[in-house]
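# Kindly generate the corresponding structure for this input.
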Amino acid sequence: MNIHISSKTRQLRRAKNMSQEELAALLGVSFQAVSKWETGVSQS
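Modelled structure (predicted):
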């Protein structure tokens, strides 16, 4: 099973009408980290 974290993160965040900044604050990370997750830059 192949899970696409980047698209799922973006989809769920948008469904909750949250900005990347709001999600980052909730999770205790930078908004840049959320951006990287959503674009797939930080996936290994």
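# Which other helices and strands does the top helix by length along the chain contact?
Ordering each helix of the chain by length in residues (DSSP state H) puts helix 5-15 first. Using 3 or more Cβ pairs under 8 Å, 6 or more residues apart in numbering; DSSP states H and E as the contact criterion, the elements in contact with helix 5-15 are helix 31-39. The way it works is simple: take the backbone N, C-alpha and C, and place the C-beta from them, glycine included.
# Show me the shaky parts of this protein.
Low-confidence regions of the chain, defined here as pLDDT under 70, cover residues 1-3, 42-44.
# hmm, back to that, export only the CA atoms of the helix or strand following the longest helix of the chain, formatted as PDB.
As assigned by DSSP states H and E, the chain's next helix or strand after helix 5-15 is helix 20-27. Coordinates of the C-alpha atoms in helix 20-27 are reproduced here as PDB (Å, rounded to 0.1, in the frame of the first residue of the first chain):
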ATOM      1  CA  GLN A  20       0.300  25.900   7.100                       C
ATOM      2  CA  GLU A  21       1.200  28.400   9.900                       C
ATOM      3  CA  GLU A  22      -1.800  27.200  12.000                       C
ATOM      4  CA  LEU A  23      -1.000  23.600  11.500                       C
ATOM      5  CA  ALA A  24       2.700  24.200  12.300                       C
ATOM      6  CA  ALA A  25       1.800  26.000  15.600                       C
ATOM      7  CA  LEU A  26      -0.500  23.100  16.600                       C
ATOM      8  CA  LEU A  27       2.200  20.600  15.900                       C
END
